[in-house]
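> Sequence first, then the predicted structure:
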Amino acid sequence: QVQLVESGGGLVPAGGSLRLSCTVSARTSGTHVMGWFRQAPGKEREFVASINWNGGRTDYADSVKGRFTASRDNATTVHLQMNLLEHEDTAIYYCAAEPALHHMPLININEYSYWGQGTRVTVSS
């Protein structure tokens with residue numbers, strides 16, 4: 001079983017920064033592709049960023065390119081550095097994991113088997 005715990009959400013003014021973290025605990029060995037998704041009120045959950053099993057490859061939604069950076073410390077801890085935050089970034093942010101079968105990030109919500117409970121990010125305008 002795989003469990004994910006996010007942290008780092010909060011309230012920040014527009015133009016500010018936040019750093020989200022996600023820790024993976026798994027009873028099975030192996031590494032995971034990690035993804036970040038978000039869901040704003042009244043909207044569907046959408047892709048934000050993904051990082052492959054060794055941190056060597058990342059992918060981002062167009063809306064966050066140049067502002068957000070995904071990274072990983074090791075097999076179990078990943079981060080999402082969010083800079084120049086905009087009001088439109090307000091959402092609940094979810095961490096997701098999928099056992100790595102290749103070296104590519106994953107951008108589709110249906111490709112992930114495991115999800116965290118989410119952490120709320122509010123950007124005041």
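Perfect, thanks for sending it.

> Quick check: bridge partners of Ser50?
Gly35, Asp59 (DSSP bridges).

> Just give me the neighbour total for it.
Counted with other C-beta atoms under 10 Å, residues neighbouring Ser50 total 26. Any C-beta I mention is one placed from the backbone N, CA and C, and that applies to glycine too.

> so what's Ala70 bridging to?
Assigned bridge partners for Ala70, using DSSP bridges, are Leu80.

> what's the neighbour count on it?
Ala70, neighbours per other C-beta under 10 Å, totals 24.

> what do you get for Glu6?
Neighbours of Glu6 (other C-beta under 10 Å): 22.

> Assess the claim that it and Tyr93 are in contact.
Yes - contact criterion C-beta atoms under 8 Å: Glu6 and Tyr93 qualify, at 6.7 Å.

> so what's in contact with those two at the same time?
Shared contacts of Glu6 and Tyr93 (C-beta atoms under 8 Å, 6 or more residues apart in numbering): 20, 118-119.

> Who wins on neighbours among the residues you listed?
Ranking the shared contacts of Glu6 and Tyr93 using other C-beta under 10 Å puts Leu20 first, with 24 neighbours.
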